[in-house]
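In: Dropping the sequence and predicted coords here.
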Amino acid sequence: MPTIRNAQAGQPETGQSTPAQTSGGIYADMCSQQTDESLPGTAKPGKIILALEFVNNWGHDILDGNALGEELTEKVEKFLKDNGAQLQFIRRPGREGQQRAASATRQLYISWAEGYGDDPTPILESLQVSGPEALLDLDLSAPGAAGGQRIDGPLLLVCTHGKRDKCCAVFGRPVADELAAKYGQMVWESSHTKGHRFAPSMILLPHNYSYGQLGTTGASSMLERAKQGELWLEGCRGRGVWDPVGQAAELAVAEKLASEGRPVKLASIRVAKPETAGGKGGKDSATQVRVVTVAADAAPTATPTATPEASPEQEITVRLSSHPGGTSVPSCGKKPKQTVTWVAEF
């Protein structure tokens with residue numbers, strides 16, 4: 001399922017000058033402008049995502065000791081590992097983010113991307129904390145245990161982590177500013193979302209879908225669909241609750257359903273693990289078989305089941321094989337490399 005590079009990704013809307021135009025094309029050698037890697041299967045992994053407002057310097061990596069100090073960083077890393085969670089720093093775009101520095105509290109979102117227990121519905125919680133030290137006291141044993149208020153999504157984190165890679169500052173910040181002006185608290189700037197080579201890079205919570213190469217118009221369309229509970233496929237890199245092959249399998253099925261006129265709801269497709277562990281078709285094989293389950297209400301126009309006893313869900317078997325993909329420039333200044341892409345067959 002190849003993805004076509006959007007040449008306008010991250011650039012201002014029609015009628016406005018772009019960084020390349022105003023600077024004589026000096027951004028042409030940036031990694032996001034040279035990468036033609038296929039998007040599916042490149043999402044940042046994560047099942048419990050903590051998005052903490054942090055208005056100070058993020059450093060090159062938010063857990064490299066510069067932002068939090070060595071001692072707190074070590075404790076936070078252990079907390080995240082013990083709870084199977086990942087951390088994103090977030091801040092309000094523009095002047096609002098600077099003004100928030102005077103606030104006594106910081107915003108924290110907790111995303112349960114897989115839902116909880118037998119309910120696979122993703123959960124998003126919001127609470128105010130005193131600062132990063134408060135992370136260590138969070139109870140992540142279950143939704144609600146930390147005292148957060150359950151809220152409706154979606155929540156979009158747009159990577160603007162310029163110290164990690166300049167593409168995110170150049171192409172991410174304008175998109176974050178424009179989206180925040182339209183959607184308010186639904187949109188935040190974010191630390192590294194994995195994949196600055198796809199800048200603007202962003203994560204949609206609570207479902208944990210990663211997106212890349214979407215400008216303001218495309219991201220607005222994605223958010224509008226997300227507000228209706230629908231999955232927007234343009235620029236989608238996959239859902240981070242699956243491994244890379246599982247991400248590609250889900251998107252291939254979603255594309256198939258969409259081509260049949262069946263819009264797919266967010267987080268309505270489940271992907272099974274490899275059928276074997278290491279042998280033919282296993283996780284280390286160049287060919288994998290994944291069973292993908294589409295929820296009963298994921299595709300509203302699906303044909304009803306023939307008998308009451310039949311399962312209302314739909315199972316689709318996907319065979320995926322690895323092939324040489326496009327060229328990827330991992331980060332600005334790095335050498336390009338050949339990538340691998342997973343091609344799906346039904």
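Out: Noted; the coordinates are in hand. Computed from a predicted structure; not experimentally measured.
In: Check whether residue 93 really touches residue 180, as I assumed.
Out: Yes: between residue 93 and residue 180 there is a contact under C-beta atoms under 8 Å: 4.4 Å. (Each C-beta comes from the backbone N, C-alpha and C, glycine too.)
In: Between these two, which contacts overlap?
Out: By the contact definition C-beta atoms under 8 Å, 6 or more residues apart in numbering, residue 93 and residue 180 are jointly contacted by 187-188.
In: Assign a three-state SS to the residue lying closest to residue 151 once chain neighbours are set aside, would you?
Out: Excluding its sequence neighbours, the residue lying closest to residue 151 (C-beta to C-beta, 6 or more residues apart in numbering) is residue 126, at 4.9 Å. Three-state call for residue 126 (DSSP: H, G, I helix; E, B strand; the rest coil): strand.
In: Please verify my assumption that residue 126 contacts residue 152.
Out: No: with contact defined as C-beta under 8 Å, residue 126 does not reach residue 152; the gap is 10.2 Å.
In: So if I had to pick from these two, which one is more boxed in?
Out: residue 126 (15 against 9; other C-beta atoms under 10 Å).
In: quick one: contacts for that one?
Out: Neighbours of residue 126 in contact, by C-beta under 8 Å, 6+ apart: 107-110, 148-149, 151.
In: what about residue 55, distance to residue 207?
Out: 26 Å (C-beta to C-beta, to the nearest Å).
In: right, I mislabeled it, should have said residue 254
Out: 13 Å.
In: quick one on the thing from earlier: higher neighbour count, residue 55 and residue 207?
Out: Taking neighbours as other C-beta under 10 Å, residue 55 and residue 207 compare with residue 207 leading, 26 against 17.
In: Dihedrals phi and psi, that one?
Out: Note on residue 207: its backbone torsions stand at phi -80, psi -20 [degrees, to the nearest 10].
In: Most neighbours among the contacts of residue 126, which one?
Out: Result: residue 110 is most packed of the contacts of residue 126 (other C-beta under 10 Å), 25 neighbours.
In: That one contacts residue 47, doesn't it?
Out: No: Residue 110 lies out of contact with residue 47 (C-beta under 8 Å); the separation is 11.7 Å.
In: Which elements pack onto the top strand by length along the chain?
Out: Taking DSSP state E as the criterion, the chain has its longest strand at strand 314-328. Where contact means 3 or more C-beta pairs under 8 Å, 6 or more residues apart in numbering; DSSP states H and E, strand 314-328 is packed against helix 244-259, strand 287-294, strand 337-345.
In: Between strand 337-345 and it, find me the angle.
Out: 160 degrees (axes from the mean of the first three to the mean of the last three C-alpha atoms, to 10 degrees).
In: At the geometric centre of this protein, which residue sits there?
Out: residue 210 (2.2 Å; C-alpha atoms, centre = their mean).
In: Show me what secondary structure element comes after the helix or strand hosting it.
Out: Using DSSP states H and E, the element containing residue 210 is strand 209-212. For strand 209-212, the following helix or strand on the C-terminal side (DSSP H and E) is helix 216-227.
In: Off-centre distance for that next one?
Out: 14 Å (C-alpha atoms, centre = their mean, to the nearest Å).
In: ok, residues contacting that helix?
Out: So helix 216-227 is contacted by 6, 9, 12-13, 153-154, 156, 158, 174-175, 178-179, 182-183, 186-187, 200, 202, 204, 211, 214, 231-232, 234-235, 266 (C-beta under 8 Å, 6+ apart).
In: List buried residues within these.
Out: 6, 9, 12, 153-154, 156, 158, 174-175, 178-179, 183, 186-187, 200, 202, 204, 211, 214, 231-232, 234-235, 266 (16 or more other C-beta atoms under 10 Å).
In: Now, those that are in strands?
Out: 156, 158, 187, 202, 204, 211.
In: Quick check: which ranges of this protein have low pLDDT?
Out: 1-26, 275-284, 298-311 (pLDDT under 70).
In: ok so, going back, so what's the residue nearest to residue 151 bridging to?
Out: residue 109, residue 149 (DSSP bridges).
In: cool, and residue 318?
Out: residue 290.
In: got the contact list for it?
Out: 249, 252-253, 289-292, 344-346.
In: let's see it at 6 Å
Out: 249, 252, 290, 292, 344 (C-beta atoms under 6 Å, 6 or more residues apart in numbering).
In: So the second one sits against residue 344, correct?
Out: Yes: judged on C-beta atoms under 6 Å, residue 252 makes contact with residue 344 at a distance of 3.5 Å.
In: coming back round to it: how far out from the middle of the chain is the longest strand of the chain?
Out: Distance, centroid of strand 314-328 to centroid of chain: 19 Å (C-alpha atoms, centre = their mean).
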